[in-house]
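**Student:** Generate a structure from the sequence data that follows.
(one chain, ligands or ions: 1)
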Amino acid sequence: MKKTFYKIALLCLLPVGVFAKGYVVNLGIVTTPNSFHYKAAEKFKQIVEKRSGGDIQVKIHHSSSVGNETSILQQLQLNALQMGVITAGPMDKFIPAIKAIGFPFIFDSYAKVDKILDGKIGQDILGQFQSANLIGYHFLENGFRNITNSKRPIHTAADVKGLKIRVMNSQLHIAIWKDIGANPTPMPWPIYTQLSQHVIDGQENPLAVIDQYKLYEVQKYLTLTRHVYSALVFVGSKQFYDALPKKYQTLFFEATKEASIYERKLNRDKANYFLADLKKNGMIVDEHPDLASFKEKVMPLKKQYRGDAKKYLDMILAQ
Ligand code: EAX
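**Tutor:** Below is the predicted model:
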């Protein structure tokens, strides 16, 4: 009896001992397991656990269970979390240069997105994460953002006037929607309840997010503005990264790159599905809004850009 007890106790202790020697990576995201953020995180987990021979264990904390995106970034700075898949918007308070890629209407194709984000400009911006005590590993994709609301069809910028639009906790996004004429209200994701209770009239997100969160139940009108390309970033704790052996530092860069390429393809392959599904679920869609009216309102924002944000914005505009 006693022997069996010890055997069981030993068996229970063994896995703990193995992991105690290795590394545990707590990864935070704000979206649910059907999201692309999660699919990327899952791919990263598979690659890292396999190639480290189980020496690294990745735990995915989804649905804001470890806090909103701003809070996840703060926890990464303190090494309370080790990884996150975060939207570029709320990062601009931490890394101002990221505003360059969030400038409205700056990307007109995926080819240009990939050229900039995977090229020198993107690499330079990721390098700047270090000064915020973070590691910017790789860009992946949320998608082009589109506006929805419950009040009225939006065709021109004038139709937005006075609408209470939820925006991300981002300096740039607040400025964009102020300039368009809305009443921007920053709040963290998710926002279904606030929409259903009419605390806010509208919001803007990629089609996948609008569909996966069933926002068609609480938003009647969708306008394909594609006003901002919404990048996601694999972000990590610098303190954690600095303490990793070289071979694992390399593995983290490889795994985030592979997971990002995988996720972008998955996201783009499904783009048409989401539009069809939103229509099927009753949304009234304006597929050809007057984009010139929106551009006219937001272009003066360029003058407010300073420092590296301005430098990279000018470089992208010159391409
Ligand atoms: O996918 O907060 C937001 O609007 C972001 O797009 C978030 O990543 C939801």
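
**Student:** rest of the way, CA atoms for contacts and neighbours
**Tutor:** Will do.

**Student:** Now do the same contact list for whatever residue of the chain ends up closest to the ligand.
**Tutor:** Of all residues in the chain, residue 189 sits closest to the ligand, at 4.4 Å by Cα to the nearest ligand atom. Counting by Cα atoms under 8 Å, 6 or more residues apart in numbering, residue 189 touches 30-31, 68, 168.

**Student:** go on, residue 67?
**Tutor:** Residue 67 touches residue 30, counting by Cα under 8 Å, 6+ apart.

**Student:** quick one: pLDDT of it?
**Tutor:** pLDDT for residue 67: 98.

**Student:** Next: the one 3 residues further on.
**Tutor:** Residue 70 is assigned a predicted lDDT (pLDDT) of 98.

**Student:** Check residue 271 too.
**Tutor:** 88.

**Student:** burial count for it?
**Tutor:** 14 (other Cα atoms under 10 Å).

**Student:** Test my guess that it contacts residue 206.
**Tutor:** No: if you go by Cα atoms under 8 Å, residue 271 and residue 206 don't touch, sitting 9.4 Å apart.

**Student:** that older thread, now, which of the contacts of residue 189 lie close to the ligand?
**Tutor:** Among the contacts of residue 189, the ones lying near the ligand by Cα under 6 Å from any ligand atom are residue 168.

**Student:** Mind picking the two most distant members of the contacts of residue 189?
**Tutor:** Spatially, the most separated pair among the contacts of residue 189 is 31 and 168, at 14.0 Å (Cα to Cα).

**Student:** For the stretch 51-200 of the chain, give me the ranges with low pLDDT.
**Tutor:** In the predicted model of the stretch 51-200 of the chain, no residue satisfies pLDDT under 70.

**Student:** Let me see the ranges of the helices in it.
**Tutor:** 69-77, 110-117, 120-127, 171-180, 192-196 (DSSP state H, counting those that start in this stretch).

**Student:** got the phi/psi numbers for residue 226?
**Tutor:** phi 40, psi 40 (degrees, to the nearest 10).

**Student:** ok, now which ones touch it?
**Tutor:** 105, 144-146.

**Student:** can you do 7 Å?
**Tutor:** 144-146 (Cα atoms under 7 Å, 6 or more residues apart in numbering).

**Student:** other SSEs contacting the lengthiest helix in the chain?
**Tutor:** Assignment by DSSP state H gives helix 246-269 as the longest helix of the chain. If contacts are counted by 3 or more Cα pairs under 7 Å, 6 or more residues apart in numbering; DSSP states H and E, helix 246-269 sits against helix 36-51, strand 134-144.

**Student:** Among these, show me which one is buried the most.
**Tutor:** Most buried of those by mean neighbour count (mean count of other Cα atoms under 10 Å) is strand 134-144; its value is a mean of 25.

**Student:** Dihedrals phi and psi, residue 103?
**Tutor:** phi -60, psi 140.

**Student:** how about the residues of this structure near the ligand?
**Tutor:** Checking the chain against the ligand by Cα under 6 Å from any ligand atom, the hits are 87, 168, 188-189, 205, 209.
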